[in-house]
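K.L.:
with the input below, show me the fold.
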Amino acid sequence: MTDIEELKRKKLEELQGQQQEIDPEKAQIQQQIAQLELLVKKVLTKRALERYGNIKTAHPDIAVQLLVLLGQAVQSDQIKTVDDEALKNLLMRLQPKKHKFKIIRK
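P.N.:
Predicted structure coming up:
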């Protein structure tokens, strides 16, 4: 019985060590996203900011892609403000093209 308990203890220590390695990386990524978000939120209009909040809630991965695009544009002084229409256009570019399929039955 002690062998099983010792195996459990070693496995638990191993898992905790792995989690501690992952946590700093995850925290660093979240910090970078937060900094980028602060930069981008300054150029969004009120309506565009609402749309971004909805996207962030529903599709976090797309929100990060959008932040990266907008962040690059802001840092290179390509844009000064982003309204709702411009944000919609960027989102349309991020969406993959949908293929139309036509099924023919015989």
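
K.L.:
before we move on, which element is residue 15 in?
P.N.:
helix 2-41 (DSSP states H and E).

K.L.:
got the contact list for the spatially most central residue of the chain?
P.N.:
In the chain, the residue lying closest to the centroid (CA atoms, centre = their mean) is residue 64, at 3.1 Å. In this structure, residue 64 makes contact with residue 33, judged by CB atoms under 8 Å, 6 or more residues apart in numbering. For every residue, glycine as well, the C-beta is placed using N, CA and C.

K.L.:
got the angle for the helix or strand encompassing it vs helix 2-41?
P.N.:
Residue 64 belongs to helix 60-75 when elements are defined using DSSP H and E. For helix 60-75 against helix 2-41, the angle by axes from the mean of the first three to the mean of the last three CA atoms, to 10 degrees is 40 degrees.

K.L.:
what helices and strands are in contact with the helix or strand just after helix 60-75?
P.N.:
The C-terminal neighbour of helix 60-75 among helices and strands, as given by DSSP H and E, is helix 84-94. Applying 3 or more CB pairs under 8 Å, 6 or more residues apart in numbering; DSSP states H and E, we find helix 84-94 packed against helix 46-58, helix 60-75.

K.L.:
mind listing what's buried along the last one?
P.N.:
So the one you mean is helix 60-75. Residues of helix 60-75 classed as buried by neighbour count (16 or more other CB atoms under 10 Å): 63, 65, 66, 67, 70, 71, 73, 74.

K.L.:
on the three-state scheme, residue 98 is what?
P.N.:
For residue 98, the assignment made with DSSP: H, G, I helix; E, B strand; the rest coil gives coil.

K.L.:
and residue 80, how far is that from residue 29?
P.N.:
28 Å (CB to CB, to the nearest Å).

K.L.:
which of the two has more neighbours?
P.N.:
Ranked by neighbour count (other CB atoms under 10 Å), residue 80 and residue 29 place residue 29 first, with 11 against 8.
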